[in-house]
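S.K.: Build me a model:
(one chain, ligands or ions: 1)
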Amino acid sequence: MRVSLVSTGGTIASRRGELGLEVADDVHDLVASLPTTTGIQIVPVDFSGRPSYGLSIADMLAAVRCVQAEFDSGSYAVVLTHGTDTLEEMAFLCGQYFPRDARLVLTGAQRAADVPDGDGARNLADAVAVATADVPVGPAIVMGGTAVAAIEGRKVHTSSLVAFSGGAAGASALVEAGVLLPLSTPSRGGLLADLPVPDDLPRVDLVTLSAGVDGTHLLASVEAGARGIVVEAFGSGNANTATLEAVQTAVGKGIPVLITSRTRNGVVRPVYGDGGGADLERAGAIFAGDLTGSRARIALALALAHSSADDGVAPLVHRMITAGAPC
Ligand SMILES: NC(=O)C[C@H](N)C(=O)O
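M.R.: As a prediction, the model looks like this:
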């Protein structure tokens, strides 16, 4: 059974250098850390050696195409190693561009490769176990013995070894010493699995609100040429009157605005007046269900790239939130 290991960098491949932690290991070092497993042939693919906080969306799309090429050339499963800081963006892209039953696992580490109690080797072995399990769990992030659906995953801790949560969807599986306990398969994602992966996505900015904020940042995004804007609003999806005016300006210029919540849990709903969600909806903003801001940003960029001008972005965004059928 052929399993491709695609490495992009991140802490799993980092060691202490003169200026701090730096990516130092390549894919062959990662392969060397894996136990030999009978029947599994690891194919090493050195995609890049960079921290994830330095990756652009174009870099991530290139990695998606690299993973696709591995499946196309006959790999049974693919494991992608990646820095954890922006793994949720990468995972959301993978969750949409690969089918819901794809044997694709993303993993990384919270601790560098040169510390005695590192987590990288264990995560990598767990990722191979999940990717090659008898029953596929679908595109997943595996860290700290827990698999969560790639489409749902978000980083929830700066240093804990169980760094990712599947939000309300929970875990897809638990993995312990190579033994897998499957719990659920993704009910969302896979919408773009049959579409070509573009070189880049339209610019979408993310603006987080805080008490007393005015519309400066939102309007700066309009000026900077954002094709879409995601607002991490208050509570259940509320802003204030200054932000409302900026949203009206953006929508008036044909720039879609998605509303999420800075609380990062639960769904947003257009309920309140006085600059609240009901006013934002009347201004033409789109409510993004339970998507967190960073995942909604990728969702909107994908919707801008894959929707027709006639339809607009709302139908595809809605299908991403509600487990709609693939395009
Ligand atoms: N744990 C990590 O991988 C963080 C790292 N700084 C990154 O590349 O995202």
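S.K.: which residues touch the closest residue to residue 162 other than its chain neighbours?
M.R.: Using C-beta to C-beta, 6 or more residues apart in numbering and skipping the chain neighbours, the partner closest in space to residue 162 is residue 144 (3.5 Å). Every C-beta, even on glycine, is put in place using the N, C-alpha and C of the backbone. Taking C-beta atoms under 8 Å, 6 or more residues apart in numbering, we find residue 144 in contact with 110, 119, 123, 160-164.
S.K.: So which of the residues you listed belong to helices?
M.R.: residue 123 (DSSP state H).
S.K.: Please identify which of the contacts of residue 144 is nearest to residue 232.
M.R.: Relative to residue 232, the closest of those is residue 164; by C-beta to C-beta it sits at 19.3 Å.
S.K.: residues in contact with that closest one?
M.R.: Counted by C-beta under 8 Å, 6+ apart, residue 164 has contacts 84, 87-88, 141, 143-144, 146, 148, 153-156.
S.K.: So for stretch 319-327, mean pLDDT?
M.R.: In this model, stretch 319-327 has a mean pLDDT of 84.
S.K.: try stretch 200-217
M.R.: 98.
S.K.: Please apply the same query to stretch 80-99.
M.R.: 98.
S.K.: Give me the distance from that stretch to the chain's centre.
M.R.: Averaging C-alpha positions (C-alpha atoms, centre = their mean, to the nearest Å) puts stretch 80-99 4 Å from its chain's average.
S.K.: Do me a favour and get the end-to-end distance for that stretch?
M.R.: Distance between the boundary residues of stretch 80-99 (C-alpha to C-alpha, to the nearest Å) amounts to 16 Å.
S.K.: quick one, domains of this structure?
M.R.: 2-182, 204-321 (automatic domain parsing).
S.K.: which element is residue 67 on?
M.R.: helix 57-72 (DSSP states H and E).
S.K.: for residue 301, that is, sorry about that
M.R.: helix 293-306.
S.K.: Just the closest residue of the stretch 51-200 of the chain to the ligand, please.
M.R.: Residue nearest to the ligand within the stretch 51-200 of the chain: residue 83 (2.0 Å; C-beta to the nearest ligand atom).
S.K.: what's near enough to touch that residue?
M.R.: By C-beta under 8 Å, 6+ apart, the neighbours of residue 83 are 8-12, 50-53, 55, 108.
S.K.: that older thread, is the ligand contacted by the helix holding residue 301?
M.R.: No: using C-beta under 6 Å from any ligand atom, helix 293-306 never reaches the ligand; the gap is at least 13.2 Å.
S.K.: Give me the distance between the residue in the stretch 201-327 of the chain that the ligand sits nearest to and residue 89.
M.R.: The minimum distance from the stretch 201-327 of the chain to the ligand, using C-beta to the nearest ligand atom, falls at residue 294 (13.2 Å). From residue 294 over to residue 89 the distance is 6 Å, taken as C-beta to C-beta, to the nearest Å.
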